[in-house]
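Enquirer: Here's a sequence, model it:
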Amino acid sequence: MTRRGSTALRHALLTWYRRGHRDLPWRRTRDPYAILVSEVMLQQTQADRVIPKYREFLQWFPDFRSLAQASTGDVIRAWSPLGYNMRAVRLHRLARQVMERFDGRLPQDVESLRGLDGVGEYTASAVACFAFGKEVAVIDTNVRRVVRRLFWETSEPSQAELARRASELVPAQEAYDWNQALMELGATVCVARRPACGVCPLRARCRTGRRAVNGAPRIAEAKAAYRTERFEGSRRYYRGRIVDLLRALEDGEMLAISKLGCALKPGFGDDDLSWLQALVADLARDGLVRVAANDARSTDTLIALP
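Expert: This is a model prediction of the structure:
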């Protein structure tokens, strides 16, 4: 795409975004802590489910200091019902790291943010751009889809090619709005299964969208080559159920593994004990539960949130 074409594309998308977009609470702040919390919560969870928990979580833990000073158990309790509870544990560890290494202030550049435990390329870029105004591309699933459809009609670009093209598009002094606009487009118009190409502000400049508007078959994301694990009855399902049962305990209360098994699985018996012990051991290694007895083979082993 020529420089003139890139300028026209940027103008079209930014004009569309500024005329109206979803009023998401994390778009009203530049607080690095609040933005980091939102980015962690939005991993694998839709925005409408995140909004009420995001607001509530910030009331409980308004900054890195308050989060770092809380117990892991209290953070896990406050995380409900978002699921994927390891996110809460990682965020809690990250808060303690920020307090210890940076006196509660996040570093501002992508490279330094990537140096923090549990912070990947996307999260580092998002915080650098949305909190500190850095002119970097923020590439999530939605942005990846939009950029791929814009510039690659049939072929599949490599991650490096796509990242390079996304970086080239970031306009000087407008990186925040640009990245938010790409995300908004991917979440509301250029969606995975049935994109609304007819109302897309970039349809005249999109290689893939022009085919759809001109009567070509509907665009759809390619299905994953692997088979998604059934959630109910899966290992992840039971891990989540264990954490939920422990959340319901009173402060200081612990639960015996034998009682946990009966509450977790109808018809729980001796044959299921080793399976449950393995689940509990995994959760303990991940920092999601605390085991009070050393003998994990005993049915009297007691567990609780950390």
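
Enquirer: How many neighbouring residues does Leu255 have?
Expert: Leu255 has 19 neighbouring residues, counting by other CB atoms under 10 Å. For glycine as for every other residue, the C-beta is placed from the backbone atoms N, C-alpha and C.

Enquirer: what does the one 3 residues further on give?
Expert: Other residues near Ser258 come to 15 when the count uses other CB under 10 Å.

Enquirer: That one sits in which helix or strand?
Expert: Per DSSP states H and E: Ser258 is located in helix 257-264.

Enquirer: Then Leu36?
Expert: With DSSP H and E as the test, Leu36 turns up in helix 32-42.

Enquirer: C-terminal to that helix, what's the next element?
Expert: Defined by DSSP H and E, the subsequent element after helix 32-42 is helix 47-60.

Enquirer: quick one: contacts of the helix holding Leu36?
Expert: 25-26, 29, 50, 53-54, 57-58, 62-64, 82, 87, 90-91, 94, 105-106, 122-123, 126-127, 130-132 (CB atoms under 8 Å, 6 or more residues apart in numbering).

Enquirer: returning to that earlier point: identify all contacting residues around the helix holding Ser258.
Expert: For helix 257-264, contacts defined as CB under 8 Å, 6+ apart pick out 238, 241-242, 245, 268, 272-273, 276-277, 280, 298-303.

Enquirer: how about a cut-off of 6 Å?
Expert: Arg241, Leu245, Phe268, Leu276, Thr299, Thr301 (CB atoms under 6 Å, 6 or more residues apart in numbering).

Enquirer: follow-up on the earlier one: going by neighbour count, which of the contacts of helix 32-42 are buried?
Expert: Neighbour counting by 16 or more other CB atoms under 10 Å classes 26, 50, 53-54, 57-58, 63-64, 82, 87, 90-91, 94, 106, 122-123, 126-127, 130-132 among the contacts of helix 32-42 as buried.

Enquirer: Which parts of the stretch 201-306 of the chain are strands?
Expert: Applying DSSP state E, counting those that start in this stretch to the stretch 201-306 of the chain gives strands spanning 255-256, 290-291, 302-304.

Enquirer: and the second one, which strands flank it?
Expert: Spelled out, that is strand 290-291. strand 302-304 (antiparallel) (DSSP bridges).

Enquirer: quick revisit: so which of the contacts of helix 32-42 sit within helices?
Expert: Counting by DSSP state H, these place 50, 53-54, 57-58, 64, 87, 90-91, 94, 122-123, 126-127, 130-132 in helices.

Enquirer: right, and Met254 touches Asp300 too?
Expert: No. Using CB atoms under 6 Å, Met254 makes no contact with Asp300, being 10.8 Å away.

Enquirer: what about these two, which has more around it?
Expert: Remark: of Met254 and Asp300, Met254 carries more neighbours, 15 against 10, as counted by other CB under 10 Å.

Enquirer: Without its sequence neighbours, what residue ends up closest to that one?
Expert: Leu302 (4.0 Å; CB to CB, 6 or more residues apart in numbering).

Enquirer: how much space between the residue nearest to the spatial centre of the chain and Thr141?
Expert: For the chain, the residue nearest the mean C-alpha position is Gln43 (1.0 Å; CA atoms, centre = their mean). Distance check for Gln43 against Thr141: by CB to CB, to the nearest Å, it reads 10 Å.

Enquirer: same deal with Gln69?
Expert: Relative to Thr141, Gln69 is positioned 34 Å away (CB to CB).
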